[in-house]
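Student: Pasting the sequence and the predicted coordinates here, then a few questions.
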Amino acid sequence: MTPALTIEKLAVQFPQRTGTIFAVREASLSVQAAECVGIVGESGSGKTQIFMAAMGLLAAAARTDGSVRFEGREILGSPPAELNRIRGSKLTMVFQDPMTSLTPHLRIGIQLAEVLVSHSQMSWHDAERAALRILERVRVPEPKRRLRQYPHELSGGMRQRVMIGMSLLCEPSLLIADEPTTALDVTVQAHIIDLFRAMREELRMAIVLISHDLGVVAGLADRIIVMYGGRVVESGRARHILQRAEHPYTAGLLKCIPDLKGPRLERMPSLAGQAPSPCSIERGCAFAARCPRADARCRVERPLLREFPAAAHQVACHFPLSS
Amino acid sequence: MSAAERLRSNPGAVCALAIIVALISLALVGPLFNPNNIESLDWAHVAAEPGVIGAHWFGTDRLGRDLFARTLEGTRVSLAVGLAASAISLGVGISYGAVAGYVGGRTDHLMMRFIEVLSGLPLIFFVIFLTVIFGRSQYLLFLTIGAVGWLTMARIVRGQTLSIRQREFIEAAVASGAGSARIIFKHVIPNLLGPVIVYATLTVPQIILFESFLSFLGLGVQEPHSSLGTLIAEGAGEMEAAPWILVVPGSFLALLLLCMNILGDGLRDALDVKER
Amino acid sequence: MTRYFFKRLAGAIPTLFIIITAAFFLIRAAPGGPFDQEQALPPEILANLQSAYGLDLPVWAQYGRYLRALAHGDFGPSFKYKDFTVTELIEQGFPVTLQIGTAALMLALAFGIPLGMFAALHHNSAADYAAMSLAVVGIAIPSFVVLPFLGLFFGIYLHWLPVAGWEPGSIRHLVLPVIALCLPPLSIIARMTRASMLEILRTHFIRTAFAKGLALHVVLLRHALRPALLPVAGYLAPAVASIMTGSLVVESIAGLPGIGRYLVQGALNRDYTLVMGMVIIYSTLLIAMGLVVDLIYAWLDPRIRFGR
């Protein structure tokens, strides 16, 4: 079965007058049909830029290299006219800032219906009826009234539901959700995660869930990919990673999740140091400066991604935790 | 990159600056190279085309007056009136804005409302109105021309003052017992230099333009002086017979204004000033 | 929406009233009467003239008289054009000025906005630099320089268009004046649209629109255009003021019989009633323009309609 998305050796750079920004140094990953993959990393790890590249939404100054295949077809570098055939219909994206992601002067109904009108031959009338149905599906209360309202009349949580609805209208094969809950209240967060769970079961679609928060990803993902310094540092089945992470960075992230049942701590655990700047030249492992297990070899030789300890698990580390 | 470096790397602005300097130099020094003066009437060469005869490099007008001399004089008058009026306008604008921004509260609110009301009215109508009432006079001219541009400067300065006021060294000055006036003039104003320079460079061409406009209509500089505006008005009347009477002063004015605007834009980019 | 409009209208009327009153009393306070420049007149004739023009009444009575006349659309007789009332002069001249003014505004919008959008879409390209350079020229060089040059080139060298003059219903005579009049606002609108569009294109909601797979022209026209035009809407009233100012000069050069020319003549001749009438007309126009702009704002941004 063709994977929904295959990314091979993708690199994304932004040449500037003062130097180049390496947003993604090199990343390869794949998402199978109907699978949920969680992408975890800090800001600057490149996790968002990979998928902006896939969607063709990178800034004009960006330079890319590598390959991105959607359902087997190469889409990296495709002209917008071609991309528009799958963007918004089969390959959709939800962003993290619902407060600013909707057009302020257009009614909700129009912003929903236009997806259908532009991707299929539907009439505006039918499209608005479909929009109503999708609002019901994403559990927006009083959907009929909402259709005629403007974005500023809806709360953050509701706007995010509208965004999710917009991305589901054409029954996509792959939905990319970039930090969908970060800007929302905790209670609303939980509802949105539940929504994703329900959609996944109902629609059998693949989901990429990008987050800096392992906790958000833990409840939903089949597989987890951890990114650091513009590269993939660990990838494997979610349960495996959550129970026994191999990369010191992942282990560090896991330790940061507050445990309500554990002993009371004096201080919150955190990772010392800072993530490397995307402008810097690489030397050795990007995590070496903050790693408790690092030695001289780590600072000079960059560890390559390899399968360890088992086939479905990959780590980029000279001293994984099991060794 | 420092501001000066940014400006230097802007070819348009550098070029513009060079041209302005060249024009001003020409206006000041040019007459030394030409025997004609602005009043002498050369009856032998009336409405002559530009050429070498009689050293009428730019030609002559309908009365035989040398256009080279007249254009350069016009440039000098336009620049002089423009700079003088600009100085007044900037002085008023900066003081008004600094006071409004520093005092704040209701006074500031009222002062800004006043500016808002004035901004909506086209100045020319004011001028015409005042001309009807008081007749044409040189003082009126200066006053009204100076009224151009103080509004924007006042607004910019007020915005800057508001932000500077919050800064620590002002608190220190107040704590040391300095009076408001002293603080405004010794501390606030020197820190406004960046935006002030930029908008001053943009105000001067506005004022020169307005003066030319008035002179063109006959409401500005009066005989025997003529500014570029007056010359253009004359030239417009002689277009068919002697186009150079229009083209020469017209080109001078256009070039001067264009280069000042380009320079002002370049300065704005270099100093990275944004209007509040 | 209608309530909003009436609120703004209610605010505009007192402003107009203040302008009329201020103008009236300022004129009366001026040194010298309207007849001072004439050769010394025998006192009886002076007295007759004064009573004919109502100048012998106390100031308040004159004011009342003026207001009542205004309400009937009567601006009084012109002091210099002895055979005409100001109202007649306005009726003669206003259509011409309105024609060229409106044409200039329409052209400025119709060409300025697309030019700005084009420049924004081709940001940092040669076309962008070229367009913006032209815009600087348009802004810097005043219409009283542009128009004669246009006339020189298109009229005298190429013989394509008339340099000056006017015939009722003629379009050819209006082409050059309108072009000279529309260039400064056109350039400003182009620059504004470009800057605004560049900002809008970086917003999150435009990113969403592209992510939805909408075609470029749909994103531009349906999603980007309205917010991008907000600053342009704010510029409309100054644009009208600028066109009004420019029309004074353009009418004078091109010999068009509009009210701009009367205004200038009125100033030079110290024709009080004429100038007062013109000032009132222009003020009314500007205030009306301000109201229209407010309405446009409310349409462009729904948040304003709901009263932030």
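Tutor: Noted; the coordinates are in hand.
Student: hey, let's count contacts and neighbours off CA atoms from now on
Tutor: Noted.
Student: who touches the residue in the stretch 101-250 of chain A that chain C sits nearest to in this structure?
Tutor: Across the stretch 101-250 of chain A, no residue is closer to chain C than residue A:101, which sits at 4.1 Å (C-alpha to the nearest C-alpha). By C-alpha atoms under 8 Å, 6 or more residues apart in numbering or on different chains, the contact list for residue A:101 reads A:95, C:204-208.
Student: give the contact list for the residue positioned nearest the centre of chain B.
Tutor: The central residue of chain B, meaning the one whose C-alpha is nearest the mean C-alpha position (C-alpha atoms, centre = their mean), is residue B:204 at 2.5 Å. Each residue near residue B:204 by C-alpha under 8 Å, 6+ apart is listed here: B:82-83, B:86, B:260.
Student: which of these tops the neighbour count?
Tutor: residue B:86 (27 neighbours; other C-alpha atoms under 10 Å in any protein chain shown).
Student: Under a three-state scheme, what state does it occupy?
Tutor: The three-state label for residue B:86, taken from DSSP: H, G, I helix; E, B strand; the rest coil, comes out as helix.
Student: on contacts alone, who are the packing partners of the helix of greatest length in chain C?
Tutor: Longest among the helix segments of chain C by residue count, using DSSP state H, is helix C:86-121. Packing partners of helix C:86-121 (3 or more C-alpha pairs under 8 Å, 6 or more residues apart in numbering or on different chains; DSSP states H and E): helix C:126-140, helix C:172-201, helix C:230-254, helix C:259-269, helix C:272-300.
Student: and among the ones you listed, the most buried is which?
Tutor: Taking mean count of other C-alpha atoms under 10 Å in any protein chain shown as the contact definition, the stretch among these with the greatest mean neighbour count is helix C:172-201, which reaches a mean of 24.
Student: Low-confidence regions, the stretch 201-323 of chain A specifically.
Tutor: Scanning the stretch 201-323 of chain A for pLDDT under 70 picks out the ranges A:259-260.
Student: Tell me which residue of it lies closest to chain B.
Tutor: Using C-alpha to the nearest C-alpha, the point where the stretch 201-323 of chain A gets nearest to chain B is residue A:279, with a distance of 19.2 Å.
Student: what's the spacing between that residue and chain C?
Tutor: Counting by C-alpha to the nearest C-alpha, to the nearest Å, the gap between residue A:279 and chain C amounts to 22 Å.
Student: Now do the same for that residue: helix, strand or coil?
Tutor: Under three-state DSSP, residue A:279 falls in the coil class.
Student: and if you look at residue A:233?
Tutor: Residue A:233 is classified as strand under three-state DSSP.
Student: burial count for the nearest residue to it once chain neighbours are set aside?
Tutor: Closest residue in space to residue A:233, ignoring its immediate chain neighbours: residue A:316 at 4.8 Å, by C-alpha to C-alpha, 6 or more residues apart in numbering or on different chains. Applying the criterion other C-alpha under 10 Å, we find 21 residues in the vicinity of residue A:316.
Student: Enumerate every residue touching residue A:316.
Tutor: Contact analysis of residue A:316 by C-alpha under 8 Å, 6+ apart lists A:232-234, A:247, A:303-306.
Student: which residues of the chain fall in helices?
Tutor: Since you didn't name a chain, this refers to chain A. Remark: helices assigned in chain A by DSSP H are A:47-55, A:80-86, A:108-119, A:124-137, A:143-147, A:156-168, A:186-203, A:214-218, A:238-243, A:248-256, A:296-300.
Student: not what I meant, chain B
Tutor: When secondary structure is read from DSSP H, chain B shows helices at B:3-8, B:11-29, B:67-103, B:105-120, B:123-134, B:138-147, B:150-165, B:168-175, B:180-183, B:193-217, B:228-237, B:244-271.
Student: Need the contact partners of the fourth one.
Tutor: Right, helix B:105-120. Contact with helix B:105-120 is made by B:99-101, B:151, B:155, C:237-238, as judged by C-alpha under 8 Å, 6+ apart.
Student: Now that helix: buried residues?
Tutor: B:108, B:111-112 (16 or more other C-alpha atoms under 10 Å in any protein chain shown).
Student: Of the residues you listed, just say which sits nearest to residue B:176.
Tutor: Taking C-alpha to C-alpha as the measure, residue B:108 is the one of the buried residues of helix B:105-120 closest to residue B:176, at 24.6 Å.
Student: Would you state the predicted confidence (pLDDT) at the closest one?
Tutor: Looking at residue B:108, its pLDDT reads 83.
Student: For residue 227, list the residues it contacts.
Tutor: Unless you meant another one, I'm taking chain A. A:39-42, A:45-47, A:233-234.
Student: The intended chain is chain B.
Tutor: When contacts are taken as C-alpha under 8 Å, 6+ apart, residue B:227 is in contact with B:73-78, B:212, B:215, B:221.
Student: quick check, nearest of those to residue B:126?
Tutor: When the contacts of residue B:227 are compared for distance to residue B:126 (C-alpha to C-alpha), residue B:215 wins out at 15.4 Å.
Student: show me the contacts for that closest one.
Tutor: B:221-222, B:227, B:229-230.
Student: repeat that for 7 Å
Tutor: The neighbourhood of residue B:215, defined by C-alpha atoms under 7 Å, 6 or more residues apart in numbering or on different chains, consists of B:221, B:229-230.
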